[in-house]
Each structure stands twice: as C-alpha cells, then as structure tokens.
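Visitor: test case, fold it:
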Amino acid sequence: MNQRLKRIGLAACLILPLAGWADAAAEETVPAEALKKAFDALLPLGGELARFVTVKQTWRGYEYEVRVDPPLLFRELAHTGLTVSGLDPFILNFTRQPAGTWGFEQYGSYDIKAQLGSGPSAPRLIYRAATTATEAQLSDDLRTQPQLKSTISDLEVSLWTERSFRSRTVGTLYLDQTMKDVTPEHADLEINTTELRVRDGDRLGEISARKMTTKVVATDARYRAVQDLFAEWLSLVQGKQEAAAIADQLRPGLQALMPIAAELKQTGSIEDAIWAVDGWEMGVDNLGYSLEASNLATEPTIHTEVNVSGIDTRGRLTPSMAKLVPERAKLSFTIDGLNFQKPWEYIVDGANFGARQWLNENQRQLAINYLVPKRTVDVTVDELELETALYQVTATGTMSVDRNGARPSFALRITTADLDPLVKYLQENTKRFPQFGQYAFFALMAQGFAGRTADGAMSWDVVLDADGRLTINGRDFAPPRL
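Guide: All right, here's what the predicted structure looks like:
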C-alpha cells in the first residue's frame, strides 16, 4: 500500500510540472529582444539612453519584466532645463498572449516633482498617487491598446506657472480606455473616467464634487501622428539643440496632428457639487452635459447641451430671494462658422518659435480670420429653459458674433405659460424686500405687451440688431447707437 502511494506521488510530481509547461506552451514565447525593439521604435533613444528600457525574460518564458529608468533619461536631458525628482526606476510586467498581443500590468505609488527652468517663475508640477494599478491589452508593436484599465487612489496634481495655478485632488479615479477599428494611422478611441471625492481649484475659485463621470469618444483619432511626433521630438532633443530649432523641425509632425479626429463626442455628469468663487457659493445636485463636434477637418458643427438640477445658493441669499433662483435649468445650443484646421496650418507654418510672441499682430489677425472664415460665428439656441415653483420660462433663437469685435446681434423668442404666481409672490413680499416691487412692476409690464402663441402661452420676440437697437415684440426699447 505504501509503495503504491509512493508511486502515485512520484507520478504526480512528474505530471503536474509537465501540465504547467503545457499551459505555458499555449502562450507564444518570443525573444526579449523582440519586445525591446518594439519599445525602441516608440522611444528612439541612443547612447547611454539606450539603457532607459531593459527587458528580461522570466523563467516562465512567456512573461517579461521591463525595467524603466527615468532618472537616467532626465540626467541625459538636463540641458532642456527639465528637472524631475521622485520618479525612481520601476518594473512593467508583460505577458505574451496566444493571439500575439501583450498583457500588461503595472502597480506603484508616486510622489513626483518636476520643474522646467529655474527661478520662482519657472513652471512647476507635483504629481502624487498613493496607489496605481493598471492592466492592459497591447498590440504586438505596443502602439495600440485594445483595452486599458487603471485605478488610482489619493491623486493630487498641482501646476504652477508665472501667471496661473491649478490643483486637482481625487479620492479614487477609475479609467477605462478602448481602441477599436484600428488602422496603421487611425483608431476609434473611447475613454471613460469616474472620479470620486474631487476638488479642483485655481486662483479664481474652487469646485468640489462627490462624483464626476466623463466619456470621450474620438472617431478616426490620429494616434500614430501623436506617437510619431513624440518619437521625433525625443530623437531631436538628444542632440542638445535649442528648443526653437527643434520646434522648427517638428512643423511637419505638428501639421499631421490635425484634425486630431474626424468627430469628437463628450458626455459627463457632476454630482453633489459646490462652486466657490470670490466668497460666493453655489451648489447643484446634478449637472449633466454633452458636446459633439463633427466635420472637424472642414467647418465643424458643435452642439452642446447642459442640464442642471437641484440648484442651491448655499445660504448666500435669503430664503425669499433664493425662491427666485431657478431650481432646474437646461441649455442646448449649436455653433457654426468656425474652422480649426486652417488656423492650425497657418500658425504652425508661420510661427516664429524663437520669439516671445510666436505670431505678430498681423499674423494673429489672420489666424482669427481663418478661425472664423465667414466673419461671424452663428449660435442657434435650440432650447433654454428655467424652472422654479414660481415660473417656467423657455427661449429659442439665434445669435451672431462678429470676428472683428462688433456688437453681437440676436433674436430670441421667450415664452411662458403664466407669470401670475411670480407676480403674486413678489407683491406679497414687497414690504420686506422693496426691490421686489420693481420686479413685480416689470413682470406686469411684460405681461401687458406679451404676444400669444398658438397654444395660448405668452411670448416675447426680443431682437438686438448689430447697431444696438433693441425691440421686443416690435416695440423699440433702445435707440440706435450712432
């Protein structure tokens, strides 16, 4: 009996490792040099910098450890004025997949400080993250990521420049990115982020929110142009040329960036948010938005929609005054008359990168002319809606803005079913708030010359001409400005 058990145990010792090797054989094994070549194509580094990325194949055969040495890179690029501390060498873990792609994992924490130049006005950056966990599926040449997911905790990013400051902290950030319909030059890119416990501030004010979500979809995004531009810059900067000389040589690569995509869409939401600006605070339960830009290669159409609910003045107004503030608001509008491609081509081609101002005054005006080729930007207000318990007002119309700074013109139709609850409320509170008497007077006056829509709602056609003449339902309310 004991001999039989011994034979079974010996067989198990032989079979189990063989089974493990069989599983490993299911993964394609490639020389470590092949993975190194893929990195070298993305990051063309020579001389000492060739050791920036080193690859070691593990005992499993299909697993690789990629060591990245940022201190080496920044020592060699010290002539650019960039100094970075806190970014130590780290390991990336790669696994060869049966389909010939790569599995990727990376974990770590960061406390990075960077500065460009010297002196108190030099731009500075701080990046801190308590934990970072990233997993991805990468193509064979590492250029595309069919799937990438990352979770970051206790994130802090702060940026100082000579004239501005920006800081953002996030309790937890979840990132999910996919690339589809990949060609050698383009891909459809989708990026979803969820941020919890967000605080975002600058010198003007601050916003905090319990949760923020964002979804960005770029159709036919030029991912290869971005990679090639970075690779070319990396090659040039190793030659220790002046920044302006490098920028001159990058002009073709910069031109290739645009249009960055054929179409861009972004949607998002902000929940339980508070805005604080110069002592004033406003809160919202939910803010949802969407932006869609199509035809980016020619003259795009940009459509934007914003929905806000649960508006709260945070005690900055008395309860009686706060009742006049909309509880819910919606704005939907479309912008036409812009061209991003032409001004980009003109600026990149004509900029003097060695000067403090890249464009002179005449060039800046020409760039504006290219940006607004038909002289005016046309805005269609598809819907504006403001709602409280006292009133519900909607507006639609058009607005035109001249590129040469002339006064904008607009034509809006404003409608409401009933103003009586608002007038009654204002009149009942006039003794405590004398200004309510003026508000009630204007509301009654508006009722007096209101038009009527087919369904019986009150309406006002408000028109402001380019010469400054204001009319409401055909009546003049402002003389023309001479």
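Visitor: which residues does the residue nearest to Ala225 when sequence neighbours are not counted contact?
Guide: Excluding the flanking residues, the one nearest Ala225 by CB to CB, 6 or more residues apart in numbering is Ala256, at 4.4 Å. Any C-beta I mention is one placed from the backbone N, CA and C, and that applies to glycine too. By CB atoms under 8 Å, 6 or more residues apart in numbering, the residues touching Ala256 are Arg222, Ala225, Asp228, Leu229.
Visitor: so which of the residues you listed is the closest to Leu338?
Guide: Nearest to Leu338 among those is Arg222, at 19.6 Å by CB to CB.
Visitor: which of the residues in stretch 251-267 are buried?
Guide: The neighbour-count check on stretch 251-267 (16 or more other CB atoms under 10 Å) flags Gly253, Leu254, Met258, Pro259, Ile260, Ala261, Ala262, Glu263, Leu264, Lys265, Gln266, Thr267 as buried.
Visitor: tell me which of the residues you listed is nearest to His303?
Guide: Lys265 (9.6 Å).
Visitor: now the closest one. Its backbone dihedrals?
Guide: phi -130, psi 140 (degrees, to the nearest 10).
Visitor: give me every residue that touches it.
Guide: By CB under 8 Å, 6+ apart, Lys265 lies in contact with Lys215, Val216, Val217, Ser290, Leu291, Glu292, Ala293.
Visitor: show me what the helix or strand hosting the third one pairs with in its sheet, parallel or antiparallel.
Guide: Element membership of Val217, judged by DSSP states H and E, is strand 205-221. Sheet neighbours of strand 205-221, with direction, are listed as strand 187-202 (antiparallel), strand 263-277 (antiparallel) (DSSP bridges).
Visitor: take those and lay them out in CSV including mean pLDDT.
Guide: Listed next are those as CSV, based on pLDDT from 0 to 100:
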stretch, mean pLDDT
strand 187-202, 96
strand 263-277, 96
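Visitor: any chance of JSON lines for these, columns distance to Arg210?
Guide: Rendered in JSON lines, the data for those read as follows (distance: least, CB to CB, whole Å):
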{"stretch": "strand 187-202", "distance to Arg210": "7"}
{"stretch": "strand 263-277", "distance to Arg210": "4"}
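Visitor: where's Phe411 relative to Leu257, distance?
Guide: Careful, residue 411 is Ala and not Phe. Here Ala411 is placed at a distance of 38 Å from Leu257 (CB to CB, to the nearest Å).
Visitor: distance of Asp461 from Arg224?
Guide: Applying CB to CB to Asp461 and Arg224 gives a distance of 52 Å.
Visitor: tell me the SS of Ser121?
Guide: Recorded secondary structure, Ser121: coil (DSSP: H, G, I helix; E, B strand; the rest coil).
Visitor: make 742 the first number, not 1, from now on.
Guide: Got it, first residue is 742 now, which makes that one Ser862.
Visitor: residues contacting it?
Guide: Contacts of Ser862 by CB under 8 Å, 6+ apart are Thr902, Glu903.
Visitor: give me phi/psi at it?
Guide: Here Ser862 shows phi and psi, under degrees, to the nearest 10, equal to phi -90, psi 0.
Visitor: still on that earlier bit, Asp1202 and Arg965: who's more crowded?
Guide: Set Asp1202 next to Arg965 and count neighbours by other CB atoms under 10 Å: Arg965 wins out with 17 against 14.
Visitor: model confidence over the host helix or strand of that one, on average?
Guide: Element membership for Arg965 (DSSP H and E) is helix 964-978. Averaging pLDDT along helix 964-978 gives 94.
Visitor: summarise which helices and strands it is packed against.
Guide: helix 773-783, helix 984-990, helix 992-996 (3 or more CB pairs under 8 Å, 6 or more residues apart in numbering; DSSP states H and E).
Visitor: which positions within the first one qualify as buried?
Guide: The one in question is helix 773-783. So for helix 773-783, counting by 16+ other CB under 10 Å, buried means Ala773, Leu776, Lys777, Ala779, Phe780, Asp781, Leu783.
Visitor: from those, which single one is nearest Leu937?
Guide: Leu783 (32.5 Å).
Visitor: spit out the contact partners of the closest one.
Guide: Leu883, Arg884, Gln968, Ala972.
Visitor: and Ala959, by the same measure?
Guide: Ala959 neighbours (CB under 8 Å, 6+ apart): Asp929, Leu930, Glu931, Ile1001, Ala1002, Glu1004, Leu1005.
Visitor: ok, of those, which one's closest to Arg1210?
Guide: Relative to Arg1210, the closest of these is Leu1005; by CB to CB it sits at 38.2 Å.
Visitor: now the closest one, nearest residue through space, not along the chain?
Guide: Per CB to CB, 6+ apart, closest to Leu1005 is Ala1034, 4.7 Å.
Visitor: also Arg884?
Guide: Gln968 (6.2 Å).
Visitor: would you confirm that Tyr1139 contacts Ala1152?
Guide: Not quite, residue 1139 is Thr, not Tyr. Yes. Between Thr1139 and Ala1152 there is a contact under CB atoms under 8 Å: 5.6 Å.
Visitor: how near is the residue nearest to Leu1005 to Gly1215?
Guide: Applying CB to CB to Ala1034 and Gly1215 gives a distance of 37 Å.
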